[in-house]
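Peer 1: Any chance you can model this:
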Amino acid sequence: MEVIPYTPLCALSEKYGTDKRPEPLGHGYTHYYDSLFASRRESVRKVVEIGIDTGASLRMWEEYFPNAMVYGLDCDASKLIYEERIKSYLCDQSNIGSIYDVAFRIDGGIDFIIDDGSHVPQHQVDTAQVFVPLLAPGGVYIIEDVLDPWKVTTQLPFSCEVESFRIERDPYSKLVVIRAA
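Peer 2: Prediction:
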């Protein structure tokens, strides 16, 4: 049986109550995210998460990346958050104009983008096509909770990886990962 490490990000995910936290209450993504960023937490400057929900993940990212501005995007204006290092924008993934508008406002140099928004494959593809070019060198774009990754990866002009998490209760626990050169 594989031993999954409990990381500082796992602790923060539990502190804030995100669904990215370890099982049994979450998808178990945090140990993977920590493996991507543990060595460069201090140098990350821009993080974007699509899908705000309660704001728990935005606060987790703000604490995990101490020098980053964290941007949250959501189609529900009541979920937008404005704090010292968290800024939110209204963004409807079903509207390509809305995606371009927010991309223009945030601009490039993004170190980490998490799409935890609508979970509709076409919305995920459209959003990735707009935002992946805005990644900083070494940046990472992740689409969370993808039931059928091939519905997304086959439509993208980028090299993609798929990370699967063996969670029997949740077949959506898969990530599509795109890395900037």
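
Peer 1: Only C-alpha atoms from now on, for both contacts and neighbour counts.
Peer 2: Noted.

Peer 1: what bits of the protein have low per-residue confidence?
Peer 2: 1-3, 166-172 (pLDDT under 70).

Peer 1: now the strands for it?
Peer 2: Taking DSSP state E, the strands of the chain run over residues 46-50, 69-74, 86-90, 110-115, 135-143, 160-164, 174-179.

Peer 1: between the ones you listed, which one is nearest to residue 6?
Peer 2: When the strands of the chain are compared by C-alpha to C-alpha, strand 160-164 sits nearest residue 6, at 17.9 Å.

Peer 1: Adjacent strands (with direction) for that closest one?
Peer 2: strand 174-179 (antiparallel) (DSSP bridges).

Peer 1: can you list the strands of the chain in CSV and add mean neighbour count and distance to residue 104?
Peer 2: Listed next are these as CSV, based on neighbours: other C-alpha atoms under 10 Å; distance: least, C-alpha to C-alpha, whole Å:
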stretch, mean neighbour count, distance to residue 104
strand 46-50, 24, 13
strand 69-74, 24, 13
strand 86-90, 20, 11
strand 110-115, 23, 12
strand 135-143, 20, 13
strand 160-164, 17, 24
strand 174-179, 21, 20
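
Peer 1: Export those as TSV, with columns for distance to residue 7.
Peer 2: What follows is the strands of the chain, written out as TSV (distance: least, C-alpha to C-alpha, whole Å):
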stretch	distance to residue 7
strand 46-50	19
strand 69-74	21
strand 86-90	23
strand 110-115	18
strand 135-143	19
strand 160-164	18
strand 174-179	19
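
Peer 1: So which of those strands is nearest residue 25?
Peer 2: strand 174-179 (15.9 Å).

Peer 1: gap between that closest one and the chain center?
Peer 2: Relative to its parent chain, strand 174-179 has a centroid offset of 10 Å by C-alpha atoms, centre = their mean, to the nearest Å.

Peer 1: what does stretch 10-28 give?
Peer 2: 14 Å.

Peer 1: Could you check it and say which residues are buried?
Peer 2: Buried positions in stretch 10-28, judged by neighbour count with 16 or more other C-alpha atoms under 10 Å: 10-14, 16-22, 26-28.

Peer 1: C-alpha coordinates for it, PDB please?
Peer 2: Output of stretch 10-28 as PDB, limited to C-alpha atoms (Å, rounded to 0.1, in the frame of the first residue of the first chain):
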ATOM      1  CA  CYS A  10      -2.400  19.100   3.600                       C
ATOM      2  CA  ALA A  11      -2.500  20.800   7.000                       C
ATOM      3  CA  LEU A  12      -3.600  24.200   5.500                       C
ATOM      4  CA  SER A  13      -6.300  22.500   3.400                       C
ATOM      5  CA  GLU A  14      -7.700  21.000   6.600                       C
ATOM      6  CA  LYS A  15      -7.300  24.300   8.500                       C
ATOM      7  CA  TYR A  16      -9.400  26.000   5.800                       C
ATOM      8  CA  GLY A  17     -11.700  23.100   5.000                       C
ATOM      9  CA  THR A  18     -11.100  22.800   1.300                       C
ATOM     10  CA  ASP A  19     -12.100  19.700  -0.700                       C
ATOM     11  CA  LYS A  20      -8.500  19.400  -2.000                       C
ATOM     12  CA  ARG A  21      -7.500  18.000   1.400                       C
ATOM     13  CA  PRO A  22      -6.600  14.400   2.100                       C
ATOM     14  CA  GLU A  23      -9.200  11.600   2.400                       C
ATOM     15  CA  PRO A  24     -11.600  10.800   3.800                       C
ATOM     16  CA  LEU A  25     -13.000  14.400   3.400                       C
ATOM     17  CA  GLY A  26     -11.300  15.400   0.200                       C
ATOM     18  CA  HIS A  27      -9.900  14.500  -3.100                       C
ATOM     19  CA  GLY A  28      -6.400  14.200  -1.800                       C
END
